[in-house]
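In: Have a look; sequence and predicted model below, questions after that.
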Amino acid sequence: MLLPFIFLAMAGCQKDKEVPKPSVSDLLVAGEWKPLSSGMDLNGNHAIDAGETINADACDADDTYDFVNSGTLIIKDNALRCDPYDSSDETLLWSLTDNDTMLKWTWTESGITFSISYKIISIDANRIVLAIDASGTDYFLVFGK
């Protein structure tokens, strides 16, 4: 008589299938990102504290960053343009390096290729925190949805 209840109890205890964690690439390409803040970590605590924030120009603050699966990054100027005579968005290339811990941006200006690599401090579906060492002081960029 107890045997059917044991089977029912065992069936009810089956482990739910785990939802796979999205990759860094999946998170990057899942919509446009907006700059939220930036700053220099002057006291070395790996955060942007009061007095360390760098205010972006209004024309940069309304930009959106669209990471496309193909490795293209489109920076859209949106309503406030820094250069009223330039109506084009910026197109760069992006790639993940060092086991998806670094985000590299590459672009060409006047025939010269430039690149910059940011350390990915954290990333989730709503926020990205990037850092780059600027002469011994970390410079942080924070993006959100």
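Out: Perfect, I can see it now.
In: Point out where the protein drops to low pLDDT.
Out: Within the chain, the segments meeting pLDDT under 70 span 1-16.
In: all strands for it, in order.
Out: 34-40, 64-67, 72-76, 90-97, 102-109, 112-123, 127-134, 137-144 (DSSP state E).
In: From the centroid of this structure, which residue is nearest?
Out: Ile128 (3.7 Å; C-alpha atoms, centre = their mean).
In: And that residue, how far from Ser37?
Out: Noted for Ile128: a distance of 12 Å to Ser37, by C-beta to C-beta, to the nearest Å. Glycine gets a C-beta too; all of them are placed from N, C-alpha and C.
In: shared neighbours of these two, which are they?
Out: Contact criterion C-beta atoms under 8 Å, 6 or more residues apart in numbering; residues bridging Ile128 and Ser37 by contacting each: Val142.
In: returning to what we had before: using TSV, please lay out the strands of the chain together with distance to Asp57.
Out: What follows is the strands of the chain, written out as TSV (distance: least, C-beta to C-beta, whole Å):
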stretch	distance to Asp57
strand 34-40	11
strand 64-67	15
strand 72-76	14
strand 90-97	15
strand 102-109	19
strand 112-123	19
strand 127-134	19
strand 137-144	15
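In: Trp94 contacts Trp105, doesn't it?
Out: Yes: Trp94 is within contact range of Trp105, at 5.6 Å (criterion: C-beta atoms under 8 Å).
In: who touches both of these two?
Out: Leu73.
In: first to last residue in stretch 39-50, what's the distance?
Out: 10 Å (C-alpha to C-alpha, to the nearest Å).
In: Going by neighbour count, which residues of that stretch are buried?
Out: Across stretch 39-50, burial judged by 16 or more other C-beta atoms under 10 Å covers 39, 41, 48.
In: again, but for stretch 107-119
Out: 107, 118.
In: and Ala134, how many residues sit next to it?
Out: Using other C-beta atoms under 10 Å, the number of residues around Ala134 comes to 10.
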